[in-house]
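Engineer: Give the three-dimensional model of this entry:
(one chain, ligands or ions: 1)
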Amino acid sequence: MERKLRVGIVGGTGMVGQRFVTLLAEHPWFEVAAIAASERSAGKTYLEAVADRWSMAGPVPEAIGKIRVQNAAAVEAVCEGVDFVFCAVDMSKDETRALEERYARAETPVVSNNSAHRFTPDVPMLVPEINPEHLAIIPLQRARLGVKRGFIAVKPNCSIQSYVPPLHMLREFGPTRVNVCTYQAISGAGKTFKDWPEMIDNVIPFIKGEEEKSEQEPLKIWGRIEGNAIVNTAEPVISAQCIRVPVADGHLAAVSVAFARKPGRSEILERWAAFKGRPQELKLPSAPEQFIKYFEEENRPQTKLDRDFDKGMGITVGRLREDPLFDYKFVALSHNTLRGAAGGGVLTAELLAAEGYIAAK
Ligand SMILES: N[C@@H](CC=O)C(=O)O
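Structural biologist: From the prediction side, this is the model:
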């Protein structure tokens, strides 16, 4: 790469936006050149804009703190100084869909953390290790939008990132039915215990829209390109229950799965240990070396101990055993704001850059 790619963060003041900032402050390929947010923050320095809401562990990175926040709706002005943008906004679906399309039509690739375009048929929904072949839809999307370099790529919901990777590695055995219960951290709702005290010593058995996403999104990720659309796979049928639990970060899933051809336990463990995806082959900067780590200890993975495995980008799995109703059951964990949100977005952008879909203007 001749020079670092200049990136804008649209929605840079929210919790996922803040994660993007911390991940990009020292990134070897990308540098933050613009931050955009609501009209309320526009005109302030980034440091001023997040003064009362910065919730990352370290301080605001000095150089980024000095960037003057732009109005996210002033699309042309934001696009002027960047090669591509990450988008993590807090708007209605319709507004988000329209805003992202405006950036793409202004010839600026959009890597989105939002759900608005996840089911637009020619928008790839990427987990870089699982479906990098879906990048091939981008030229068709560009043709629809009438652009040369702009496009939208999205990452899926955080809730699925714990259980879809281990199931993906078992696709050759034909998973037919999956029952999953997710135990989701409060940062998934953009909250800390300080601003959500009701979550201390409490469990809430409902997260709006989460079960539908958890059941449907994997089917697109495992889908195939037909004509100018990504068509969902029919199997496995997934039933999900999503529960909010009192942990800061980390989504844990308890999974039961039935297969068309039941594998042996050792075959499953071998597939998990041996897996290498495109990010590992390309040695992308944010890729975990080992996508899945299996624990033999019966009390792992644990949210607090294991969510940061391999920069918070690896998935930890444990408790693989026979299931009396299905074939097997196991537990899986991923970091929801790293692998599940900003980290997944950064890895997606690295894949897009390595494969030539994002380049310097
Ligand atoms: N919708 C998710 C976001 C992921 O972190 C949630 O509410 O947890």
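Engineer: tell me which residues in stretch 236-243 are buried?
Structural biologist: Residues of stretch 236-243 classed as buried by neighbour count (16 or more other C-beta atoms under 10 Å): 236, 238, 240-242. Bear in mind the C-beta positions are built from the backbone N, C-alpha and C, glycine included.
Engineer: Would you tell me which residues of this structure are close to the ligand?
Structural biologist: Contact residues, the chain versus the ligand (C-beta under 6 Å from any ligand atom): 157-159, 184, 188-189, 207, 210, 336, 340-341.
Engineer: and with 8 Å instead?
Structural biologist: Applying C-beta under 8 Å from any ligand atom, we find that the chain lies next to the ligand at 157-159, 184-185, 187-189, 207, 209-210, 213, 242, 244, 251, 336-337, 340-341.
Engineer: Counting only strands, which of the residues you listed make the cut?
Structural biologist: Members of these lying in strands (criterion: DSSP state E): 184, 242, 244, 251.
Engineer: burial count for the first one?
Structural biologist: Each residue near Gln184 was counted by other C-beta atoms under 10 Å, and the total is 25.
Engineer: So it sits against Ala240, correct?
Structural biologist: No. Between Gln184 and Ala240 there is no contact under C-beta atoms under 8 Å: 11.1 Å.
Engineer: Could you tell me which residues touch both of those two?
Structural biologist: 159, 210 (C-beta atoms under 8 Å, 6 or more residues apart in numbering).
Engineer: and the ones in strands among the residues of the chain next to the ligand, which two are the farthest apart?
Structural biologist: Within these, Arg244 and His251 form the most distant pair, 10.2 Å apart (C-beta to C-beta).
Engineer: Between those two, which has more neighbouring residues?
Structural biologist: More crowded of Arg244 and His251, by other C-beta under 10 Å: His251, with 30 against 22.
Engineer: where does the more buried one sit relative to Ile204, distance-wise?
Structural biologist: For His251, the distance to Ile204 (C-beta to C-beta, to the nearest Å) stands at 14 Å.
Engineer: repeat for Gly150
Structural biologist: Taken as C-beta to C-beta, the span from Gly150 to Ile204 is 39 Å.
Engineer: what does His168 give?
Structural biologist: In terms of C-beta to C-beta, His168 sits 29 Å off from Ile204.
Engineer: Any idea which residue of this structure lies closest to the ligand?
Structural biologist: Gly188 (1.9 Å; C-beta to the nearest ligand atom).
Engineer: what's Leu351 sitting at in phi/psi?
Structural biologist: Here is the backbone geometry of Leu351 (degrees, to the nearest 10): phi -60, psi -40.
Engineer: Repeat that for Ala42.
Structural biologist: phi -60, psi 140.
Engineer: these two touch, right, it and Val78?
Structural biologist: No. Look at Ala42 against Val78 with C-beta under 8 Å: they stay out of range, at 10.5 Å.
Engineer: And those two? Which one has more around it.
Structural biologist: Ranked by neighbour count (other C-beta under 10 Å), Ala42 and Val78 place Val78 first, with 23 against 17.
Engineer: My reading is that that one lies in a helix. Confirm?
Structural biologist: Yes. Assigned with DSSP: H, G, I helix; E, B strand; the rest coil, Val78 falls within a helix.
Engineer: quick one: it and Ala72 touch, right?
Structural biologist: Yes. Val78 is within contact range of Ala72, at 7.0 Å (criterion: C-beta under 8 Å).
Engineer: what sits in contact with each of the two?
Structural biologist: With C-beta under 8 Å, 6+ apart as the test, Val78 and Ala72 both reach 10, 36.
Engineer: Show me whatever sits in contact with both of Ala42 and Val78.
Structural biologist: Contacts common to Ala42 and Val78, judged by C-beta under 8 Å, 6+ apart, are 36, 70.
Engineer: List the buried residues for stretch 57-77?
Structural biologist: Applying 16+ other C-beta under 10 Å to stretch 57-77 flags 60-61, 64-65, 67, 69-72, 75 as buried.
Engineer: Just the ones in strands from the residues you listed, please.
Structural biologist: Using DSSP E, the members of those that fall within strands are 70-71.
Engineer: okay if I get the buried residues of stretch 57-77 as CSV plus distance to Arg300 and pLDDT?
Structural biologist: Shown next, in CSV, are the buried residues of stretch 57-77 (distance: C-beta to C-beta, whole Å; pLDDT from 0 to 100):
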residue, distance to Arg300, pLDDT
Val60, 34, 98
Pro61, 33, 98
Ile64, 36, 98
Gly65, 38, 98
Ile67, 41, 98
Val69, 42, 98
Gln70, 44, 98
Asn71, 46, 98
Ala72, 41, 98
Val75, 46, 98
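Engineer: Same list (the buried residues of stretch 57-77) but as TSV, adding distance to Arg142.
Structural biologist: Converted to TSV, the buried residues of stretch 57-77 look like this (distance: C-beta to C-beta, whole Å):
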residue	distance to Arg142
Val60	36
Pro61	33
Ile64	30
Gly65	35
Ile67	29
Val69	29
Gln70	25
Asn71	26
Ala72	23
Val75	17
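Engineer: can you name the farthest residue from the center of this protein?
Structural biologist: Pro324 (32.7 Å; C-alpha atoms, centre = their mean).
Engineer: And for the helix or strand harbouring Asp310, what's in contact with it?
Structural biologist: Element membership of Asp310 [criterion: DSSP states H and E] is helix 309-312. Outside helix 309-312, the residues within contact range by C-beta under 8 Å, 6+ apart are 286, 288-290, 293, 301, 315-316, 335, 337-339, 343.
Engineer: end-to-end on stretch 50-58?
Structural biologist: End-to-end distance for stretch 50-58, by C-alpha to C-alpha, to the nearest Å: 13 Å.
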